[in-house]
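Student: Sequence and predicted model, in that order:
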Amino acid sequence: MSTKGIEMPNELELYPHNEKAYRKLLDMLSETRRACIIHPTGTGKAFIAYRYAFDHPKERILWMSPSTYIEQEQEASIRRELPNYEFKNIERMTYQTAMHRAQKGNLDIHADTVIFDEFHHTGAPQWSRGVEGVIECNPDANLIGLSATSIRYSDSGRDMSDELFDGHIASYMSLTDCWVLGILPVPTYVTAGYSINGYIEDLGERIAKEESAGRRAELLADFNELRDCASRAANLPAIFQKYFEGIEKVIVFCPNVFELNEIEKMCPWWFSRVNGNVHTYVVHSSNPFGTSEYDGFKEDDDETAIKLLLCVNQLNEGVHIKGVDAVIMVRRTSSPTIFYQQLGRALTAAGNFEPLVIDLVDNFEMIGIEQIVSMMSESYARLSGENDPEELIPPSAFKVIDHEKDARHLAKNLERRLALRSEKLTIDEKIALWKGL
């Protein structure tokens with residue numbers, strides 16, 4: 001395409017926090033040739049890599065990432081910023097492609113700089129061979145890593161910043177640091193009943209087996225109070241009505257395709273008090289129309305409808321869809337990586353002021369929401385010594401609304417009275433056992 005008459009950009013401007021990280025990255029690369037940036041999801045890490053490619057047009061740059069979804073979203077984002085600029089020095093490759101090419105012995109690719117996006121994946125057994133092959137082909141290349149975490153929690157806590165970058169971290173920011181500094185919006189976090197009902201039924205069956213009629217009657221009185229309380233916590237139409245006013249686009253994270261199909265059927269009921277016009281889109285690995293569904297969700301601009309994107313093992317990382325106001329967690333996880341990735345789908349540096357997170361499976365208990373609150377308090381105290389406190393976001397901005405709190409309290413008291421043999425387990429662990437997790 002001819003560029004005659006088109007004004008070409010002189011620079012790619014970054015947010016201040018990313019500009020600072022970029023300068024540190026250049027300084028570290030000049031000394032070590034290996035450097036990584038660990039910033040939370042939504043802070044715009046990819047633009048740091050694009051800035052490097054923009055400033056080094058003569059370098060051959062190989063950009064590796066976990067999926068084509070991530071590639072497509074990043075390319076769309078940079079086109080919005082630099083519509084008339086073409087990054088001819090970037091070659092894209094997924095980790096899976098590198099693995100297949102390494103297995104076939106044709107991973108003969110040469111680069112001056114290799115970018116490892118979401119680099120915590122480079123330690124995965126199935127992908128590490130391709131990563132190692134790329135590095136072997138380019139022993140003198142600069143290696144740049146981008147990720148929200150360097151830790152592989154499911155892999156004995158391996159730290160890939162140590163393994164791949166020899167511990168050279170050019171810039172690190174925690175999620176709570178970004179909240180306090182106003183880099184990312186602070187969400188409202190709401191937990192509601194969805195997974196507890198099965199456990200309550202199990203308690204009812206145990207009470208029915210009590211031999212003493214008097215004790216059984218006492219326990220049933222407490223059980224009925226618990227059931228009523230849990231019913232209110234599980235009244236999703238009423239809860240959604242309270243929080244979803246003005247929200248148009250939502251991502252729903254589902255545990256598997258079967259439950260996704262069931263949830264899709266329930267969506268009109270869930271949102272019956274919010275909006276009768278519900279558009280649902282589905283994305284998962286076995287859906288042959290996933291790309292068109294994904295594009296349909298992104299392009300749906302019907303202001304009279306609420307748009308839902310239901311997904312399984314998709315969109316956890318590296319994807320930021322414009323206009324997403326909320327996420328709903330129906331996928332239970334004990335992995336901090338997955339939890340923060342799903343949380344991050346509603347957090348962007350240019351996004352909503354107060355995004356909404358609805359947790360229907362008690363992920364906040366599994367991860368430890370109190371720890372996040374404590375971390376935000378620590379971030380605020382530390383950053384207050386480096387910044388004007390009046391310009392910082394206080395910890396009180398992080399709102400946690402637990403609709404299951406009363407039901408959980410009643411259930412724990414009833415559990416103690418029943419003196420279950422599994423008394424060492426918490427109620428959340430018992431819910432997980434009941435669900436077979």
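Tutor: Received the coordinates, thanks.
Student: Once you drop chain neighbours, what's closest to Thr191?
Tutor: Asp359 (4.5 Å; CB to CB, 6 or more residues apart in numbering). Backbone N, C-alpha and C define where each C-beta goes, glycine included.
Student: actually Ala98, not the one I wrote
Tutor: Gly130 (2.9 Å).
Student: Need the phi and psi values for the spatially most central residue of the chain.
Tutor: By CA atoms, centre = their mean, the mean C-alpha position of the chain lies nearest to Gln341, the distance being 1.6 Å. Taking degrees, to the nearest 10, you get phi -70, psi -40 for the backbone angles of Gln341.
Student: for Val357, same thing?
Tutor: Torsion angles, degrees, to the nearest 10, at Val357: phi -120, psi 120.
Student: same deal with the one 4 residues further on?
Tutor: Geometry field for Val361 lists phi and psi as phi -130, psi 20, criterion degrees, to the nearest 10.
Student: and it, how many residues sit next to it?
Tutor: Counted with other CB atoms under 10 Å, residues neighbouring Val361 total 26.
Student: next one: the one 5 residues further on
Tutor: Neighbour count for Met366, taken as other CB under 10 Å: 19.
Student: For it, give me its contacts.
Tutor: 332-334, 339, 428 (CB atoms under 8 Å, 6 or more residues apart in numbering).
Student: Just give me the closest of those residues to Arg227.
Tutor: Asp428 (18.4 Å; CB to CB).
Student: How confident is the prediction for the closest one, by pLDDT?
Tutor: Note on Asp428: pLDDT of 63.
Student: do Ile169 as well
Tutor: Model confidence at Ile169, given as pLDDT, is 98.
Student: Who are the contact partners of it?
Tutor: Applying CB under 8 Å, 6+ apart to Ile169 gives the contacts 35-38, 150, 161.
Student: how about 6 Å then?
Tutor: Listed by CB atoms under 6 Å, 6 or more residues apart in numbering, the contact set of Ile169 reads 36, 161.
Student: quick one: Ser147 from Val361, how far?
Tutor: The gap separating Ser147 from Val361 is 25 Å, by CB to CB, to the nearest Å.
Student: can you pull the alpha-carbon coordinates of the longest helix along the chain into CSV?
Tutor: Secondary structure of the chain per DSSP state H: the longest helix is helix 213-233. Taking C-alpha atoms only, helix 213-233 is exported to CSV below (Å, rounded to 0.1, in the frame of the first residue of the first chain):
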residue,chain,number,x,y,z
ALA,A,213,-36.9,-37.2,67.1
GLY,A,214,-36.3,-34.3,69.5
ARG,A,215,-32.8,-33.6,68.2
ARG,A,216,-34.0,-34.0,64.6
ALA,A,217,-36.7,-31.4,65.2
GLU,A,218,-34.1,-28.9,66.6
LEU,A,219,-31.8,-29.5,63.7
LEU,A,220,-34.6,-29.1,61.1
ALA,A,221,-35.6,-25.8,62.6
ASP,A,222,-32.0,-24.5,62.0
PHE,A,223,-31.9,-26.3,58.6
ASN,A,224,-35.1,-24.5,57.4
GLU,A,225,-33.6,-21.1,58.4
LEU,A,226,-30.4,-22.0,56.5
ARG,A,227,-32.4,-23.1,53.4
ASP,A,228,-34.4,-19.8,53.4
CYS,A,229,-31.2,-17.8,53.8
ALA,A,230,-29.5,-19.8,51.0
SER,A,231,-32.6,-19.3,48.8
ARG,A,232,-32.3,-15.6,49.1
ALA,A,233,-28.5,-15.8,48.3
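Student: After that helix, which helix or strand is next?
Tutor: helix 236-243 (DSSP states H and E).
Student: Mind checking what helix or strand follows that next one in sequence?
Tutor: Note on helix 236-243: by DSSP H and E, the next helix or strand toward the C-terminus is strand 249-253.
Student: For that next one, which helices and strands make contact with it?
Tutor: Here strand 249-253 touches strand 306-312, strand 324-329, going by 3 or more CB pairs under 6 Å, 6 or more residues apart in numbering; DSSP states H and E.
Student: How far does it sit from its chain's centre?
Tutor: Distance of strand 249-253 from its chain centroid, counting by CA atoms, centre = their mean, to the nearest Å, is 12 Å.
Student: what does stretch 324-342 give?
Tutor: 5 Å.
Student: Can you list the buried residues in that stretch?
Tutor: Residues 324-333, 337-342 are the ones in stretch 324-342 that count as buried (16 or more other CB atoms under 10 Å).
Student: swap in stretch 151-161?
Tutor: In stretch 151-161, the ones that count as buried by 16+ other CB under 10 Å are 151-152, 160-161.
Student: Check stretch 12-30 too.
Tutor: Buried-residue list, stretch 12-30, by 16+ other CB under 10 Å: 12, 14, 17-18, 21-22, 24-25, 28-29.
Student: Redo those residues as CSV? Include pLDDT.
Tutor: As requested, those are exported to CSV (pLDDT from 0 to 100):
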residue, pLDDT
Leu12, 91
Leu14, 94
His17, 95
Asn18, 97
Ala21, 97
Tyr22, 98
Lys24, 98
Leu25, 98
Met28, 97
Leu29, 97
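Student: Kindly reformat these as a markdown table containing secondary structure and distance to Arg227.
Tutor: As requested, the buried residues of stretch 12-30 are exported to a markdown table (DSSP: H, G, I helix; E, B strand; the rest coil; distance: CB to CB, whole Å):
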| residue | secondary structure | distance to Arg227 |
| --- | --- | --- |
| Leu12 | coil | 58 |
| Leu14 | coil | 54 |
| His17 | helix | 49 |
| Asn18 | helix | 51 |
| Ala21 | helix | 52 |
| Tyr22 | helix | 56 |
| Lys24 | helix | 56 |
| Leu25 | helix | 56 |
| Met28 | helix | 58 |
| Leu29 | helix | 61 |
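Student: Including distance to Pro268, could those go into JSON lines?
Tutor: JSON lines is the format used below for these (distance: CB to CB, whole Å):
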{"residue": "Leu12", "distance to Pro268": "44"}
{"residue": "Leu14", "distance to Pro268": "43"}
{"residue": "His17", "distance to Pro268": "41"}
{"residue": "Asn18", "distance to Pro268": "41"}
{"residue": "Ala21", "distance to Pro268": "44"}
{"residue": "Tyr22", "distance to Pro268": "47"}
{"residue": "Lys24", "distance to Pro268": "50"}
{"residue": "Leu25", "distance to Pro268": "48"}
{"residue": "Met28", "distance to Pro268": "52"}
{"residue": "Leu29", "distance to Pro268": "53"}
